[in-house]
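Student: Give the three-dimensional model of this entry:
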Amino acid sequence: MLSPRLHHFLDERHGHYTALTHERTITADQTAAATHIGSRHFAKTVMLKVDGKLAMMVMPASYRVDLLRLSRALAGSEVELAQEDEFRDAFPDCELGAMPPFGNLYGMPVYVDSRLTGQAEIAFNAGSHTDVVRMPYSEFERLAQPELLWLAHVM
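Tutor: Numbers count the residues shown, from 1 in each chain. Purely as a prediction, here's the structure:
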């Protein structure tokens, strides 16, 4: 089931999307494979702390965040990976690790790796480890209003 908050938000704003159900997976690469979506088109959400506050970094599943480059892009902000116990309570309608990349729904900024902008469509976890949303990248950008950054390295 899609996160109720995400489902309501997408429907209220007439978002163009497709919901997919798949076998239970944990990692973004596993989810991309289970849904037959390439890992460059599957957007994973990485939880960060930027100057001590939670933020989301959205990037292709095949990439990893470069914290130093992210810090530089954010004018020298202190950036670190958030631990699960630091963000567990921020997503009451989601399974841990399956948060959709819509920080605007949870009161936090969203940064997106600009390499996703070249994709016609992206897909991402929709609040559970069995549900995915697929939508045009331009629709994601319209709805999530992320800040675009170039940050990741190929894994």
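
Student: contacts, neighbours, all on C-alpha from now
Tutor: Fine.

Student: Kindly check the end-to-end length of stretch 126-145 for me.
Tutor: 17 Å (Cα to Cα, to the nearest Å).

Student: Quick check: buried residues in it?
Tutor: The neighbour-count check on stretch 126-145 (16 or more other Cα atoms under 10 Å) flags 126-137, 139-140, 143-145 as buried.

Student: Which ones among those map onto helices?
Tutor: Judged by DSSP state H, these include Y137, E139, F140, L143, A144 as members of helices.

Student: Between those residues, which sits nearest E84?
Tutor: Comparing these against E84 with Cα to Cα places A144 closest, at 22.5 Å.

Student: Which residue is the nearest non-sequential neighbour of the closest one?
Tutor: F102 (5.3 Å; Cα to Cα, 6 or more residues apart in numbering).

Student: For that neighbour, give me the backbone phi and psi.
Tutor: phi -120, psi 80 (degrees, to the nearest 10).

Student: Please renumber the chain so that the first residue is 660 from this point on.
Tutor: Sure thing, new numbering starts at 660, so read that last one as F761.

Student: how close does it get to M767?
Tutor: From F761 to M767 the distance is 9 Å (Cα to Cα).

Student: Between those two, which is the more surrounded one?
Tutor: F761 (24 against 14; other Cα atoms under 10 Å).

Student: Could you check how far that one is from A741?
Tutor: 17 Å.

Student: Could you do D710 as well?
Tutor: Shown here: D710 relative to A741, a distance of 11 Å by Cα to Cα.

Student: Looking at those two, which is more packed in?
Tutor: More neighbours surround A741 than the other of D710 and A741, with 18 against 13 (other Cα under 10 Å).

Student: Which residue, other than its chain neighbours, is closest to that one?
Tutor: Per Cα to Cα, 6+ apart, closest to A741 is L707, 4.6 Å.
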